[in-house]
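Chemist: output the structure for:
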Amino acid sequence: MPKPSTSRTPQEVVALPENDRRQRRRFSAEDKRRILAEADRCERGELAVLLRREGIYHSHLAQWRAAREAEGLAGLAPKKSGRKPIKDEKDRAIERLEREKAKLERELHIARGLIEIQKKAHEVLGVALPPSDDE
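Modeler: Prediction:
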């Protein structure tokens with residue numbers, strides 16, 4: 001004998017044009033800090049309840065904890081997604097000049113070291129050095 005059908009009639013789901021795309025949830029740094037604090041206080045079995053209540057996955061907690069460990073509370077701040085802005089001519093010139101400055105500083109450090117070695121060699125050999133502009 002077949003069972004009487006107790007199921008409801010299926011309702012038609014109509015997507016509203018303004019709600020076609022689901023928006024990605026974004027958590028502020030304060031929300032992330034609060035949720036992590038609650039998760040750290042959870043006893044056995046309570047974590048699943050917290051995750052369901054907040055609507056997040058365990059992987060979110062893992063990522064947020066890693067960011068907190070690496071960068072502190074500043075790591076929990078939302079980061080702008082997408083490509084980094086393209087550098088303009090001024091920024092490229094600044095970077096080029098900074099690289100050139102670093103190269104010249106390395107060369108200066110080496111030259112000063114060589115001059116010190118020459119001074120010590122002259123002292124050891126007893127050869128008089130020509131007078132310099134500094135003295």
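
Chemist: okay, now residue 31: neighbour count?
Modeler: 16 (other C-beta atoms under 10 Å). C-betas here are computed from N, CA, C, even on glycine.

Chemist: buried stuff in the helix ranked longest in the chain?
Modeler: Secondary structure assigned by DSSP state H gives helix 89-125 as the longest helix of the chain. By neighbour count on 16 or more other C-beta atoms under 10 Å, the buried set for helix 89-125 is empty.

Chemist: next: stretch 34-53.
Modeler: Result for stretch 34-53 [16+ other C-beta under 10 Å]: buried residues 35, 36, 39, 47, 51.

Chemist: show me the protein divided up by domain.
Modeler: Following automatic domain parsing, one gets these domains for the chain: 25-76, 88-129.

Chemist: now do the longest helix of the chain: distance to the chain's middle.
Modeler: Remark: helix 89-125 is offset 33 Å from the chain centroid, using C-alpha atoms, centre = their mean, to the nearest Å.

Chemist: can you check stretch 56-73 too?
Modeler: So, by C-alpha atoms, centre = their mean, the centroid of stretch 56-73 is 12 Å from its chain's centroid.

Chemist: same deal with stretch 84-102?
Modeler: The answer for stretch 84-102 is 21 Å, by C-alpha atoms, centre = their mean.

Chemist: again, but for stretch 82-102
Modeler: Using C-alpha atoms, centre = their mean, the offset of stretch 82-102 from its chain centre is 20 Å.

Chemist: just stretch 112-132 next, same as before
Modeler: 50 Å.

Chemist: kindly report the same for stretch 42-52.
Modeler: 28 Å.

Chemist: for stretch 46-63, same thing?
Modeler: 22 Å.

Chemist: now the domains of the chain as CSV including distance to residue 82?
Modeler: Output for these, formatted as CSV (distance: least, C-beta to C-beta, whole Å):
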stretch, distance to residue 82
domain 25-76, 14
domain 88-129, 18
